[in-house]
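Novice: Have a look; sequence and predicted model below, questions after that.
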Amino acid sequence: AQSVTQPDIHITVSEGASLELRCNYSYGATPYLFWYVQSPGQGLQLLLKYFSGDTLVQGIKGFEAEFKRSQSSFNLRKPSVHWSDAAEYFCAVAGMDSSYKLIFGSGTRLLVRP
Amino acid sequence: GAVVSQHPSWVICKSGTSVKIECRSLDFQATTMFWYRQFPKQSLMLMATSNEGSKATYEQGVEKDKFLINHASLTLSTLTVTSAHPEDSSFYICSARDGGGTTGELFFGEGSRLTVL
């Protein structure tokens, strides 16, 4: 069965520092991979996605993620965090069938120190 | 990007009443919509897949008679929480897949917070 693990429940970084949020997935083949961000009481916004091709994916708001098949990972990175990046981040996986059902990780809450 | 709208954004109801939440795709046709439930500080749990013109497919453990889903048109899916109880209080989020798209991207509504007294 598909699953997604985000090992860090919360992470605190200083504004301007670099960020890496971890995501590991379990799937029998190459899945579709996504990173979403959720502000309190809000829906989800797609940051980036990986379907195939270049394993380094660029997203919105200066985020990027790298798909590493050997490690079953899809970690999210940002070189310089802004205070407005404080939010909940979810990694998600979907099968390559036509259902596009997303399975979400447990989320990582990002706190940004001034 | 495509827009998915949920209504109401929040609702408070008495125990035993039924509540309907609407999910609309505003600028695209959604052949498939998904309903998720999110408890405070937790992840999103897929409840059901809603396909236009057919019965919804529920995930294991989700009561279909409790959470009625209707997807009568390509732009509207509704979730009705029947005979709501306090344990049904949660944040419900819908997502819709653009039937004309090729990337499989899902667009999410802003969520509906249900509080059952």
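Specialist: That came through fine.
Novice: contacting residues around the helix or strand where B:Ile21 lies?
Specialist: Using DSSP states H and E, B:Ile21 sits in strand B:19-25. Defining contact as C-beta atoms under 8 Å, 6 or more residues apart in numbering or on different chains, one finds that strand B:19-25 is touched by B:2-8, B:11, B:13, B:33, B:35, B:74-81, B:84, B:92, B:94, B:96, B:98, B:107, B:109, B:112, B:114. Any C-beta I mention is one placed from the backbone N, CA and C, and that applies to glycine too.
Novice: Could you show which parts of chain A are in contact with chain B?
Specialist: When proximity is defined as C-beta under 8 Å from any C-beta of the partner chain, chain A approaches chain B at A:32, A:36, A:41-46, A:49, A:51, A:90, A:94, A:99-107, A:109.
Novice: how about low-confidence regions in the chain?
Specialist: Using chain A. A:95-100 (pLDDT under 70).
Novice: let's do chain B instead
Specialist: For chain B (pLDDT under 70), the answer is B:1, B:99-104.
Novice: make it 80
Specialist: B:1-2, B:41, B:98-105 (pLDDT under 80).
Novice: for chain A, what are the nearby residues on it?
Specialist: So far as C-beta under 8 Å from any C-beta goes, chain B lies against chain A at B:4, B:6, B:32, B:34, B:36, B:41-46, B:49, B:91, B:93, B:95, B:97, B:103-111, B:113.
Novice: same thing but 6 Å
Specialist: Proximity of chain B to chain A is confined to B:43-44, B:93, B:97, B:104, B:108-111 under the rule C-beta under 6 Å from any C-beta of the partner chain.
Novice: Make TSV out of the residues you listed and add secondary structure and neighbour count.
Specialist: Formatted as TSV, these follow (DSSP: H, G, I helix; E, B strand; the rest coil; neighbours: other C-beta atoms under 10 Å in any protein chain shown):
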residue	secondary structure	neighbour count
B:Ser43	coil	19
B:Leu44	strand	28
B:Ile93	strand	26
B:Arg97	strand	25
B:Gly104	coil	19
B:Phe108	strand	23
B:Gly109	coil	27
B:Glu110	coil	17
B:Gly111	coil	22
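Novice: can I get these in JSON lines with distance to A:Asp8?
Specialist: Formatted as JSON lines, the residues of chain B next to chain A follow (distance: C-beta to C-beta, whole Å):
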{"residue": "B:Ser43", "distance to A:Asp8": "13"}
{"residue": "B:Leu44", "distance to A:Asp8": "18"}
{"residue": "B:Ile93", "distance to A:Asp8": "23"}
{"residue": "B:Arg97", "distance to A:Asp8": "29"}
{"residue": "B:Gly104", "distance to A:Asp8": "27"}
{"residue": "B:Phe108", "distance to A:Asp8": "23"}
{"residue": "B:Gly109", "distance to A:Asp8": "27"}
{"residue": "B:Glu110", "distance to A:Asp8": "26"}
{"residue": "B:Gly111", "distance to A:Asp8": "24"}
